[in-house]
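Novice: Starting from these lines, generate the structure:
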Amino acid sequence: MAVNFIPRERSAFDEGSGISILLPRVLASDPPEPGGSIEYQYTFRRNGEPVGGLGMFGDQRVDGTSNRPVWTYTVNLSPPWVLRDILRMKPLFGSIEPDFTFLQSIARGLVAAFAGQTTNTVDLRYVALASSKSLIGEGLSDIQISGVPNEGEVILAEVFVPAHIF
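Specialist: Predicted coordinates for the structure are as follows:
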């Protein structure tokens, strides 16, 4: 079964498994960790009950090159323990997808949890990424990343949330 998350208010939902990824708890990492300056703590729920969780780091930056600045938040899936934690969830979802495809599906869910926001007054972009080196190191190399330099970042999923100006 393919995992397919759709955005909902403050979550992303996969109808096939009945699992929701809730909008994560977001904390400043002080001092910054090697994976970034923001810590994301995600909870996975089915029928209101917790069935799993993930924690990872990321960063934020603002792109002011256009007329309206866009705040970009990254979710870094590169650490091997994060990749392994995600792949251990396959039975929870009943997924028979290839590992790289499942990783992309979960990455889409992680960023889709932010898509239902309606109170942001600036444009936001959420990106789930991993280094090609860590993907290859965990046996997740795929034709889609073969052209990326060994140290390059692979965008696994992203979502844009336009500003809601009141």
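
Novice: list the helices and strands the longest helix that the chain contains packs on?
Specialist: Counting residues, the longest helix found in the chain (DSSP state H) is helix 99-112. Contact partners of helix 99-112 among helices and strands, from 3 or more C-beta pairs under 8 Å, 6 or more residues apart in numbering; DSSP states H and E: strand 5-8, strand 11-14, strand 19-22, strand 70-76, helix 80-87, helix 90-93, strand 123-131, strand 153-161. From N, CA and C alone the C-beta is placed, and that goes for glycine too.

Novice: Flag every buried residue along it.
Specialist: 99-100, 102-112 (16 or more other C-beta atoms under 10 Å).

Novice: Quick one: find the helix or strand in this protein with the lowest mean pLDDT.
Specialist: Across the helices and strands of the chain, mean confidence by mean pLDDT, DSSP states H and E is lowest for strand 25-33: a mean of 79.

Novice: Strand partners (parallel or antiparallel) of the helix or strand just after it?
Specialist: Sequence-wise, the next helix or strand downstream of strand 25-33 (DSSP states H and E) is strand 36-46. In the sheet, strand 36-46 lines up against strand 19-22 (antiparallel), strand 25-33 (antiparallel), strand 49-58 (antiparallel) (DSSP bridges).

Novice: So for the longest one, mean pLDDT?
Specialist: Looking at strand 49-58 alone, the average pLDDT works out to 95.

Novice: which outside residues touch it?
Specialist: By C-beta atoms under 8 Å, 6 or more residues apart in numbering, the surrounding residues in contact with strand 49-58 are 19, 29, 33-45, 73-77, 79, 82, 85-86, 89, 92, 110.

Novice: Need the strands paired with strand 36-46 in CSV (columns: distance to residue 4 and mean neighbour count).
Specialist: What follows is these, written out as CSV (distance: least, C-beta to C-beta, whole Å; neighbours: other C-beta atoms under 10 Å):
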stretch, distance to residue 4, mean neighbour count
strand 19-22, 11, 22
strand 25-33, 25, 12
strand 49-58, 17, 17
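
Novice: helices or strands next to the helix or strand where residue 133 lies in the packing?
Specialist: Element membership for residue 133 (DSSP H and E) is helix 132-137. If contacts are counted by 3+ C-beta pairs under 8 Å, 6+ apart, helix 132-137 sits against helix 80-87, strand 153-161.

Novice: Would you format the ones you listed as CSV with distance to residue 55, mean pLDDT and mean neighbour count included?
Specialist: As requested, those are exported to CSV (distance: least, C-beta to C-beta, whole Å; pLDDT from 0 to 100; neighbours: other C-beta atoms under 10 Å):
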stretch, distance to residue 55, mean pLDDT, mean neighbour count
helix 80-87, 8, 96, 16
strand 153-161, 17, 94, 19
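
Novice: Nothing else from me, thank you.
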